[in-house]
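> For reference, the sequence and a predicted model appear below.
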Amino acid sequence: MRTIVIDPDPNALCKKEATVFEIVDGQDYEKTLAIARRESICGVITAASDKPLVMMARVAETLKLPFISEETAIISTNKFLMKELFLKNNLPCAKGVELAAAKEYLGSFPVIIKPLDNSGSRGVVLCTTMDDLRVNFVDTFKYTKKNKLLVEEFIEGKEYSIEGLHFNGNHKVIAYTEKETTPFPYNVELGHKQPANLSDDIKLEISDLLCKIGRAFNFVNCASHTEIKIQNNQIYIIETSPRLGGDFITSHLTQLSTGSDIEDYLITISQRNLPKITSDVGKSSLIKFFEFNAGLTVLEEWKSTIKDDSIVHLRVALNKGDVVPRIKNSLNRYGEVIFQGNDIYNLECNYSKLYDLMLTNLS
C-alpha cells in the first residue's frame, strides 16, 4: 500500500512514514483533488478530525468514491445546522440558539456556549449568569471562524459516546464509551472507558437512535462518533459526526476492548467491500488523561518504575521544572495512560496507584 499524505505543516510528525508527502492546507479542494487524481487514489476515509470533512466529501463526489455527501459534511460540521436536523427528525437533543452577541440571549440559565465549527472542548464553557455569558462570549469567539456562537441548554447527566459504522444500509454500534470530564465551567474529556456501564435496555435504545441518526444525516460509507447524555434514563444527543472518535477511542480503546478495528473496517468500506466485524472479545479498556492541581512543579524527569502489565501506552509531557497548567481544553492536556484487562474496576485501581506514584514527583 502507498500512503499519500497532505498536511499544512511542513514538519508534520508522520511525514517520514508517507510514501508521498505534500504541503497542502486542509481546506484546499483544488490542490487536494489534483494530488488525488495524479496519484489515482482508490478511497477516502476520515480519522478523528471534523475540519476537512467538507473538502473530502467534495473530492469523493468528484472522483465518484464511496463517502458521505457534501451536504452531510456541511451539516455535520456546523453545530447549529446539526441541531436543526435533530429537531426536524424528532431526535432528542439539547435545545439551542445561534447568537452573534450575548445580549441577544433571552432564555434561562445555566447554558453551555460553543463555537459552531470547532471541537476538542475549545471554547466550550458553562455559563450560569448573564455576566458569565458576556465574558465567555469574547473568549469563545477566539475558537471560531463563524460570526455566531451556539448557546445550548445545559443537560445534567452522565456522558457517553457511541462509536458507529454505516455501510450498505446498515447503522451498527461498534462500542459504547463512558466519559469522564473536568468539573465545569470547562468540560474537557479526562478519561474514557469501555465497555460503558449501561443496561441492555439502554443499549437497545441507543442502537435504535444511531439508526435514526444515520438515516436523518444520510451517514453512508463512514464511521460515526456520537456524544450523548443520559438523565433519568432519558437519552439526549449532544453532537454527532461522520468520523472516528478521537482521544484514542477508536485507534486504541475499541480494538482493545472489543477486538474490532474500525480503521480497518473503514478502509474495507472505502474499497466498496463489506467489513467482517469481529465478535466482541469481552475485554475492558481505559484511558486516563493526567490532571494534577494547577501550579504544582515537577521535581524530577518522569521515570516509570511501576510494573503493570495492564498498561499498553504511557506518555508524560511534563519535564523537570515544568509547572502544571490548568486544563481548559484538550490541547492543555499533558499526558495519558491506556490500560487493558478483564475488569474495568481493576484498571481503575491500577490507575490510582500510578497517579499516587506520580504525585510524589510534584511539589
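Received, thanks. The structure presented is a predicted model; accordingly, all values stated were derived computationally and were not measured. Numbers count the residues shown, from 1 in each chain.
> Do you have the strands of the stretch 51-200 of the chain handy? List them.
96-99, 111-115, 125-127, 149-153, 158-167, 170-181, 189-194 (DSSP state E, counting those that start in this stretch).
> Could you list the residues in contact with the fourth one?
Strand 149-153 is touched from outside by 79-80, 83, 94-100, 105, 107, 111-116, 123, 133, 137, 140-141, with contacts defined as Cβ atoms under 8 Å, 6 or more residues apart in numbering. Where you see a C-beta, it was placed from the backbone N, CA and C, and this is true even at glycine.
> Out of these, which end up buried?
Neighbour-count burial within the contacts of strand 149-153 applies to 79-80, 83, 94, 96-99, 105, 111-116, 123, 133, 137, 140-141; the criterion is 16 or more other Cβ atoms under 10 Å.
> coming back round to it: quick one: which of the strands of the stretch 51-200 of the chain is nearest Ser49?
Nearest to Ser49 among the strands of the stretch 51-200 of the chain is strand 111-115; the distance by Cβ to Cβ comes to 14.8 Å.
> Which strands and helices lie in contact with that closest one?
strand 125-127, helix 130-140, strand 149-153 (3 or more Cβ pairs under 8 Å, 6 or more residues apart in numbering; DSSP states H and E).
> Buried deepest among these, which one?
Mean neighbour counts were compared across these using mean count of other Cβ atoms under 10 Å; the top stretch is strand 149-153, at a mean of 23.
> What strands line up against it, and which way round?
strand 96-99 (antiparallel), strand 111-115 (antiparallel) (DSSP bridges).
> average pLDDT for it?
Across strand 149-153, pLDDT averages out at 95.
> again, but for stretch 97-115
95.
> which of the residues in whichever helix in the chain runs longest are buried?
For the chain, the helix with the greatest residue count under DSSP state H is helix 200-217. By 16+ other Cβ under 10 Å, the buried positions in helix 200-217 come out as 202, 205-206, 209-214, 216-217.
> which pair in the residues you listed spans the largest distance?
Greatest spatial distance in the buried residues of helix 200-217: Ile202 and Phe217, 21.9 Å, computed using Cβ to Cβ.
> And Lys103, how far from Met130?
Distance, Lys103 to Met130, using Cβ to Cβ, to the nearest Å: 8 Å.
> Give the burial count for Glu104, as a bare number.
12 (other Cβ atoms under 10 Å).
> how close does it sit to Leu149?
To Leu149, Glu104 is 10 Å away according to Cβ to Cβ.
> What ranges does the stretch 201-350 of the chain have for its strands?
Under DSSP E, counting those that start in this stretch, the stretch 201-350 of the chain gives strands at 222-231, 234-241, 284-289, 311-316, 335-341.
> Give me the mean pLDDT for the third one.
Here strand 284-289 scores 97 as its mean pLDDT.
> thinking again about what came up before, same list (the helices and strands packed on strand 111-115) but as a markdown table, adding distance to Leu296.
Converted to a markdown table, the helices and strands packed on strand 111-115 look like this (distance: least, Cβ to Cβ, whole Å):
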| stretch | distance to Leu296 |
| --- | --- |
| strand 125-127 | 24 |
| helix 130-140 | 25 |
| strand 149-153 | 33 |
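> of all the ones you listed, which lies closest to Ile75?
With distances scored as Cβ to Cβ, the stretch of the helices and strands packed on strand 111-115 nearest to Ile75 is strand 149-153 (13.9 Å).
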